[in-house]
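Asks: I'll drop the sequence and a predicted model, then ask my questions.
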Amino acid sequence: MERLCESSGHLKESTNVHLNEFANEGLRTLCLAMKDITEDYYLEWRKRFKEAATSLDDREGKLDEVYEEIEQDLVLLGATAVEDKLQDGVPETIENLHKADIKLWVLTGDKQETAINIGYSCRLLTEDFNEVFVLDANTEEEAKESVVNALHKIRETVGIKGKDELEGVDEDEVSVQSKDFDDVKDVYSFALIVTGACLAYALDPTVEEIFLEAACYCKTVICCRVTPLQKAQVVDLVKRHKKAVTLAIGDGANDVSMIKAAHIGIGISGQEGMQAVLSSDFSFAQFRFLERLLLVHGRWSYYRLCKFMAYFFYKNFAFTLMHFWFAFFCGFSAMSVYDEWFITVYNIFFTSMPVLSMGIFDKDVSEKMCIRFPELYKPGQENKFFNYYVFGSSLFQGAVTSIVIFFIPYGAFAEDIYPDGLSAQAQTLFGCMLATILIFVVNFKIALDTSTWNVFSHILTWGSILFYWLFIFLVYCDPLYPIFNAAFTYVGSATMMSHLPTFWFALILVITILILPVAGKRSILSDITPTLTDKVRILEREEKKKQKKQAVELKGIRRPGAVRPGSIRRDSHRRGSKRPASARSGYAFAHQHGFGDMILSGVNMRIKKDKENGKNGSPAESNNKRNGGRKGSNERNADTRLKSSVSSGGVDIKV
């Protein structure tokens with residue numbers, strides 16, 4: 001409005017009123033203005049515009065000056081308003097992201113009223129907020145004062161003390177609420193709404209940290225009337241001062257700078273063009289797909305990667321440290337306890353396929369449960385699946401595994417002999433046994449770590465053990481020894497090892513010592529202190545059992561109008577009958593019309609009045625008596641058909 005000429009003053013006031021009305025209804029507004037210029041002025045301006053556009057020094061600044069020159073003394077024509085409806089699933093998606101403890105900041109160019117209405121419609125803002133702070137200052141001093149006041153009010157409400165207030169206070173006198181906001185963030189909820197003019201001063205280096213701290217205490221932050229450059233500056237502010245991963249999502253060209261500034265950029269392909277999609281890392285057509293991207297695929301990816309890395313360190317430490325233990329017995333001569341070929345293919349064939357299968361297919365809970373319980377996303381934010389403790393635990397387990405695998409077979413074979421009386425103490429035999437037990441233990445360990453089993457998991461896990469047996473019996477056999485010029489020095493070790501009962505005893509003992517305690521510990525912890533994942537998995541298992549039980553119960557129920565296999569009506573269709581059998585009659589001779597009307601009318605029906613009449617009954621009744629009082633099959637079918645057909649019409653009649 002500041003670019004309008006003085007002649008538009010009478011229209012400016014009424015247009016502002018209309019703009020506020022449109023914004024309160026949540027409409028997207030646009031002002032239209034014009035300016036009459038001469039052809040000579042335009043040609044001169046276009047020349048300056050081309051010079052600024054082709055300048056190699058400060059191109060954007062020169063273009064702004066040229067734009068500012070021509071966009072003056074405009075004549076206001078009016079304003080337009082269009083309804084920008086939310087896409088399907090936006091409120092539900094935002095609500096689930098909030099439950100997952102994901103901070104949502106809205107950076108938009110809409111008016112303040114429009115942004116607030118959109119915030120309420122998509123559940124970014126609710127009536128449950130303790131307070132909604134609106135920062136709309138137009139000067140630097142007012143902006144700084146409003147930011148500081150908002151921060152102080154949040155601290156005062158929650159009970160958080162600043163660093164200056166905690167100086168000289170006894171540690172016992174400081175409450176838990178005054179130390180950590182995470183303990184009370186579920187109790188208090190705030191929202192912050194900032195205009196573009198106030199945001200320009202809030203991003204000043206002297207104020208930006210105060211503004212960021214106040215914004216981080218808020219559950220929702222809405223920045224309205226912001227420029228594309230300010231969007232990128234807000235994203236960069238969070239990246240510089242917070243150890244957080246930023247994700248920017250937009251659908252227009254004005255969101256490109258924000259998408260590029262964030263760690264992860266997502267473009268929505270829609271009516272705004274393809275600029276955002278071309279500049280993004282991921283793209284999809286609906287905002288609601290963000291829920292599945294983060295809560296399902298993002299969580300699964302983090303979960304699989306953490307398990308992959310923890311197991312990778314474990315199996316390689318267990319493999320490598322046995323060289324260290326063997327060095328004490330070979331005089332630190334750098335002699336290898338394994339065969340050279342085993343060392344070469346250990347990480348290529350014997351242990352790589354199962355861990356890759358786990359890293360691709362494994363999932364602790366289904367996608368339905370990931371969306372149903374967004375809180376499952378929180379452990380990833382706290383780095384609970386992989387941290388220094390998990391890394392140290394993997395190294396410790398690998399060291400313990402190497403000790404058990406090395407020293408138990410060493411003690412078992414200390415004085416062992418073959419059935420023919422020869423000594424079983426040989427370095428090649430001992431190395432082959434260590435390698436075999438190691439392959440069994442690490443593959444059993446990953447089988448224990450796998451949460452979801454499928455065809456690939458079974459094939460790659462158990463196939464790795466089978467492939468190892470084929471490898472040692474083929475490579476360490478006698479025919480290959482002269483062919484490859486003694487390249488395989490462990491010839492005959494696999495055969496001799498398999499003939500020793502001590503080897504099988506050591507194999508079972510080592511697996512029991514290393515695998516059974518881990519399985520027992522996990523089972524006990526899941527019962528005593530179950531995590532949210534454990535509870536969700538139990539719930540999912542119970543629901544599957546109920547579904548299977550219901551499916552079994554429904555197998556014996558026939559749909560209305562369905563025909564039993566082998567029935568006369570079905571057979572009549574199969575034989576190519578010209579006249580289809582009627583579904584209204586259940587008699588064996590299948591008349592075209594049923595007998596319901598005739599039976600209800602009472603025609604040809606005899607009712608027993610007393611026992612004397614029963615003795616002098618009809619031939620049909622006598623026939624029933626001769627049959628022991630049993631009805632014929634045709635009559636039973638007729639009664640059954642009558643009851644079912646009449647009951648389906650809303651009347652229940654028994655004959």
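Replies: That came through, no problem.

Asks: buried stuff in stretch 11-24?
Replies: Under the neighbour-count criterion of 16 or more other CB atoms under 10 Å, stretch 11-24 has Thr15, Leu19, Phe22, Ala23 buried. From N, CA and C alone the C-beta is placed, and that goes for glycine too.

Asks: quick one, what contacts Gly26?
Replies: Glu83, Asp84, Thr114, Asn117, Ile118, Ser121 (CB atoms under 8 Å, 6 or more residues apart in numbering).

Asks: apply 7 Å and report the result again.
Replies: Going by CB atoms under 7 Å, 6 or more residues apart in numbering, Gly26 touches Thr114, Asn117, Ile118, Ser121.

Asks: do Gln112 as well
Replies: Neighbours of Gln112 in contact, by CB under 7 Å, 6+ apart: Asp136, Ile193, Thr195, Cys224, Arg225.

Asks: which members of those residues are the farthest-apart pair?
Replies: Ile193 and Arg225 (10.7 Å; CB to CB).

Asks: which one of those two is surrounded by more residues?
Replies: Neighbour totals were compared for Ile193 and Arg225, and Ile193 leads with 22 against 19 (other CB atoms under 10 Å).

Asks: nearest to Ser393, of the buried residues of stretch 11-24?
Replies: Proximity of the buried residues of stretch 11-24 to Ser393 (CB to CB) peaks at Ala23, which lies at 56.0 Å.

Asks: so the closest one is in which element?
Replies: helix 9-24 (DSSP states H and E).

Asks: partner strands of the next helix or strand after that helix, parallel or antiparallel?
Replies: For helix 9-24, the following helix or strand on the C-terminal side (DSSP H and E) is strand 27-34. Using DSSP bridges, the strands paired with strand 27-34 are strand 75-83 (antiparallel).

Asks: quick check: buried residues in the strand it pairs with?
Replies: Neighbour counts over strand 75-83 (16+ other CB under 10 Å) mark Leu76, Ala79, Ala81 as buried.

Asks: pLDDT on the helix or strand harbouring Ser301, on average?
Replies: Following DSSP H and E, one finds Ser301 within helix 299-327. Across helix 299-327, the average pLDDT comes to 94.

Asks: and that helix, what does it pack onto?
Replies: When contacts are defined as 3 or more CB pairs under 7 Å, 6 or more residues apart in numbering; DSSP states H and E, helix 299-327 sits against helix 352-361, helix 388-412, helix 427-449.

Asks: what's the angle from it to helix 388-412?
Replies: Per axes from the mean of the first three to the mean of the last three CA atoms, to 10 degrees, the angle that helix 299-327 makes with helix 388-412 is 40 degrees.

Asks: distance from helix 299-327 to the middle of the chain?
Replies: Taking CA atoms, centre = their mean, to the nearest Å, the mean C-alpha location of helix 299-327 is offset from the chain mean by 25 Å.

Asks: number of residues surrounding the nearest residue to Phe430 once chain neighbours are set aside?
Replies: Spatial nearest neighbour of Phe430, chain neighbours left out: Phe413 (6.6 Å); criterion: CB to CB, 6 or more residues apart in numbering. Using other CB under 10 Å, the number of residues around Phe413 comes to 20.

Asks: swap in Thr157?
Replies: For Thr157, using other CB under 10 Å, the count is 14.

Asks: pLDDT score for it?
Replies: pLDDT for Thr157: 85.

Asks: ok, Gln271 next?
Replies: pLDDT, Gln271: 75.

Asks: leaving out chain neighbours, which residue sits closest to it?
Replies: The shortest distance from Gln271 to any non-neighbouring residue, by CB to CB, 6+ apart, is to Asp251 (8.0 Å).
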